[in-house]
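Chemist: Provide a 3D model corresponding to the input given below.
(one chain, ligands or ions: 2)
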Amino acid sequence: MKSQDNCVFCKIVAGQIPSNKLYEDDDLLAFHDIHPKAPVHFLVIPKSHVDSLAECGPGDADVLARIMLKVPELARLAGCHNGFRTVINTGTDGGQEVFHLHLHVLGGPRDQWKSPAF
Ligand code: 5GP
Ligand code: ZN
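Modeler: Ligands and ions are numbered 1, 2, ... in the order given. The predicted model follows:
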């Protein structure tokens, strides 16, 4: 069995688990976090499974760049008007719980963020 067979984010990509989608194209999916730590909290993932940033190689360069370059537009779309925070948790000590690479985007009024929000 491949690691992605039981991956919750691969199941979201496949439509087997519902999600509140913000953006989708051939390579990327952005959806709102199920347990938001800030008024705006969404995740951006490559549709193709890779466990974490630590497992990425040269073949992932394009999708990583596309994710980073898409974030400001998606943050505005989601309602971030005064900036946002991007976080990638990597590995157990990095606090990663879902082992399908994802970038968190958090925003909204700072006094409404949950503590600690990374
Ligand atoms: P990590 O700790 O791996 O960086 O973050 C995983 C994130 O995925 C958490 O913020 C968690 O709330 C979110 N998450 C886990 N399962 C689901 C799910 O089924 N749907 C959505 N929308 N978010 C999820
Ligand atoms: Zn996956």
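Chemist: show me where the protein has its strands.
Modeler: Using DSSP state E, the strands of the chain run over 21-24, 28-32, 40-46, 84-87, 103-107.
Chemist: tell me the buried residues in the first one?
Modeler: Neighbour counts over strand 21-24 (16 or more other CB atoms under 10 Å) mark Leu22 as buried. Using the backbone N, CA and C atoms, a C-beta is placed for each residue, glycine as well.
Chemist: contacts made by that strand with the rest, please.
Modeler: With CB atoms under 8 Å, 6 or more residues apart in numbering as the test, strand 21-24 has contacts from Leu29, Ala30, Phe31, His32, Phe42, Val44, Lys70, Leu74, Leu77, Ala78.
Chemist: what of the second one?
Modeler: With contacts defined as CB under 8 Å, 6+ apart, strand 28-32 is touched by 12-13, 19-24, 41-47, 63, 66-67, 70, 74, 78.
Chemist: report the mean confidence score over it.
Modeler: What strand 28-32 shows for mean pLDDT is 98.
Chemist: list the strands paired with it, with their directions.
Modeler: Strand 28-32 pairs in its sheet with strand 21-24 (antiparallel), strand 40-46 (antiparallel), by DSSP bridges.
Chemist: ligand 1 contacts on the protein?
Modeler: Neighbours of ligand 1 within the chain, by CB under 6 Å from any ligand atom: Val8, Ile17, Ser19, Phe31, Asp33, Ile34, His35, Asn89, Gly95, Gln96, Glu97, Val98.
Chemist: list the contacts of the nearest residue to Ile12 once chain neighbours are set aside.
Modeler: The spatially closest residue to Ile12, leaving aside those adjacent along the chain, is Ser19, at 4.6 Å (CB to CB, 6 or more residues apart in numbering). Applying CB under 8 Å, 6+ apart to Ser19 gives the contacts Ile12, Phe31, His32.
Chemist: identify the residues contacting the residue nearest to Pro46 when sequence neighbours are not counted.
Modeler: Using CB to CB, 6+ apart and skipping the chain neighbours, the partner closest in space to Pro46 is Val63 (4.5 Å). Listed by CB under 8 Å, 6+ apart, the contact set of Val63 reads Asp27, Leu28, Pro46, Ser48.
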